[in-house]
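Q: I would like the atomic coordinates for the input below:
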Amino acid sequence: MRTRVLLPVAAVVVIVAVAVFSILTFDDAGEPLEFGEPPPQGGATLPGDVGLDVGDVEVTGELPPRDGPLVSATWEQVAGWVARENAEGRPVVVNLWASWCAPCEREIPLLNETAAANPDIAFLGVASMDAYDDAEAAVDRFGIEFPALHDEEFDQVAYQVGARGLPTTVAFDTDGRMVGRVLSELNTRNLAELLGTVQ
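A: Down below sits the predicted model:
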């Protein structure tokens, strides 16, 4: 006799919703402006769902370097990294990835090319929900050519920006506000729309 495993309906809905392409931007009043489908509903509201400003984050500890080998960082240090770039007039695109994430690896060539073509925008990769050693090896394996950090708190950066899965890519304007978010694999169209939120 064969046993069937049934997923609860709520779990199926969440899995499908996470797979749906979504970009959110926030206007001056903090209300979401939608491009595509909204993020999954019915679950907890995450900080990034209602707007996020790195200027509101109290930075503790030394800021990670702008470039160099992968180092672990807290959410506060990631926010400080973004704020440091903002202070020099650069918006920031933050890409969350993991060594075990095939879509993350697939989008890296597009991110590398886009970062090289847009030196006025800072690009930062954050290894999330991953072991440091695995993330360190993936930087070389993926061929990441922009700065990268490792979330030492496992998923705090993802939680703060409102990621429901990986990859997730967010954009911060020069005022430190998160103004755009892609909750799926990047492609030339959705990445161009995301960059449009900070250009």
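Q: W100 against A137, yeah?
A: No - contact criterion Cβ atoms under 8 Å: W100 and A137 do not qualify, at 11.3 Å. Glycine gets a C-beta too; all of them are placed from N, C-alpha and C.
Q: any idea whether N95 is helix, strand or coil?
A: Following DSSP: H, G, I helix; E, B strand; the rest coil, N95 is assigned to strand.
Q: was I right to think it contacts V126?
A: Yes - here N95 lies in contact with V126, judged by Cβ under 8 Å, at a distance of 7.1 Å.
Q: can you get me the start-to-end distance on stretch 120-137?
A: 28 Å (Cα to Cα, to the nearest Å).
Q: next, the buried residues of it.
A: For stretch 120-137, burial by neighbour count (16 or more other Cβ atoms under 10 Å) applies to 121-130, 135-136.
Q: now that stretch: how far from the chain's centre is it?
A: 10 Å (Cα atoms, centre = their mean, to the nearest Å).
Q: average pLDDT for it, rounded please.
A: For stretch 120-137, the mean pLDDT works out to 98.
Q: so where's the chain shaky on pLDDT?
A: For the chain, the stretches with pLDDT under 70 are 1-42.
Q: quick one: the helices in this protein?
A: 9-19, 75-87, 102-117, 132-142, 156-161, 188-196 (DSSP state H).
Q: which one of the ones you listed lies nearest to T174?
A: helix 75-87 (5.1 Å; Cβ to Cβ).
Q: run through who's touching the closest one.
A: 54-55, 57-64, 66, 73, 91-92, 94, 122, 124, 126, 149, 151, 153, 156-157, 159-160, 172-176 (Cβ atoms under 8 Å, 6 or more residues apart in numbering).
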